[in-house]
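[1] Using only what follows, build the 3D model:
(one chain, ligands or ions: 1)
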Amino acid sequence: MTTDGARRRGPFGMEYARILVPDMAETIEFLRYHVGLQLERHTDEYAYLRADIEHHCVELISDPSLEVSRTVAVGYSVRSAEELADLRDRVSAAGLEVLPLQDRMKGLCQEGFAVRDPNGLIIELFTEFQEYAEPPTIELRPLKLVHPFLATDKYDECLEFYTKVLGFLVSDYVGDVSAFLRSEDRFHHSLALQRNKEFFVAHLCFMMKSFDHVMRGRARALYKKVPIASDLVNHSASTSIAFYMYEAKHGPRYELCDGHRVFTPEEHETHRPRRMVADPRNIDVWRAADNDWDRF
Ligand SMILES: [Fe+2]
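    The predicted model follows:
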């Protein structure tokens, strides 16, 4: 809180993930066919793919030395220069290093900076992310990249960093093992944390236009025999229905969802985070019983 009682703002919403991949051409094809992204620009070194009007939602960096992909950065837009300056002040006040944006990213927004989270994941924050006048004309495409899901061996530090320093609000907890955090675009979560033995970016969630499109994405995954890491689940906290596919060389798990809850402006200011039971039925309301974990 500031001295006048106003809430200090968090970032607006998730814009992109930056992923190092061993075979960029294959991953581009994967993201086009299975997620519905449109390739906009690429060289031998990098590629930008977009879902809607925003400049990109995935930046691929070619790294043939890798066996599997590695997600190295996540970008969030911020609504104004004032809110960005306030975020920068909070990062400095927390004793964290204010880093420059990646060089290419400097040319794709007005201003911004980066900071490492407790696990070293780069978080880029910026204003006025460049956009296209029109969305891609592809019918089967996501409308938005909604959130990363981070498994972390530094859960408590991450919770402190994302809420106290960056100003995310807690929407819900599952026990003391997961937290769903929302930003100013009011989606139930723009970032999720899970207590784990190690750090990894567990998944990236894309919001499709409809449940019909989620099912078409699932049909494509089945048709091409892409491993489905988790089949249809009905998430209790965010009310979304989703499935997850996973090929380690192409990125983290990709979640295609429909129906992710968006808070009203009033709920955004007044919502009390629920402390939900660590029970499979609380993650997927379609689970049959409290011992029904194994099918995840
Ligand atoms: Fe998710």
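[2] helix or strand right after whichever strand or helix holds residue 254?
    Assigned by DSSP states H and E, residue 254 belongs to strand 253-258. Using DSSP H and E, the helix or strand that follows strand 253-258 towards the C-terminus is helix 265-270.
[3] Helix, strand, or coil at the closest residue to residue 15 other than its chain neighbours?
    Distances taken as Cβ to Cβ, 6 or more residues apart in numbering put residue 75 closest to residue 15, at 4.6 Å, once the chain neighbours are dropped. (Glycine included, C-beta is placed from N, CA and C.) Taken by DSSP: H, G, I helix; E, B strand; the rest coil, the conformation at residue 75 corresponds to strand.
[4] tell me the contacts of residue 75?
    Counting by Cβ atoms under 8 Å, 6 or more residues apart in numbering, residue 75 touches 14, 15, 16, 17, 18, 105, 123, 124, 125, 126, 129.
[5] if we go to 10 Å?
    11, 14-18, 54-57, 59, 101-102, 105, 108-109, 112, 114, 122-126, 129, 145 (Cβ atoms under 10 Å, 6 or more residues apart in numbering).
[6] what's around residue 219, how many residues?
    Number of residues near residue 219 (other Cβ atoms under 10 Å) recorded here: 10.
[7] now the host helix or strand of it against strand 253-258, angle please.
    Per DSSP H and E, residue 219 falls inside helix 211-223. On the basis of axes from the mean of the first three to the mean of the last three Cα atoms, to 10 degrees, helix 211-223 is oriented at 150 degrees to strand 253-258.
[8] Helix 211-223: which residues count as buried?
    Using 16 or more other Cβ atoms under 10 Å as the test for burial, helix 211-223 gives 213, 214, 215, 216, 217, 218, 220, 221.
[9] Now look at that helix and say if it contacts the ion.
    No - if you take Cβ under 5 Å from the ion as the test, helix 211-223 misses the ion, and the best it gets is 12.8 Å.
[10] and that helix, what's its mean pLDDT?
    Helix 211-223 comes out with an average pLDDT of 98.
[11] who does it touch, helix- and strand-wise?
    If you count contacts as 3 or more Cβ pairs under 10 Å, 6 or more residues apart in numbering; DSSP states H and E, helix 211-223 packs onto strand 142-152, strand 200-208, strand 228-234, strand 241-245, strand 253-258.
[12] redo that, cut-off 8 Å
    strand 228-234, strand 241-245, strand 253-258 (3 or more Cβ pairs under 8 Å, 6 or more residues apart in numbering; DSSP states H and E).
[13] bridging residues for the residue nearest to residue 15?
    Bridge pairing for residue 75 (DSSP bridges) gives the partners residue 16, residue 124.
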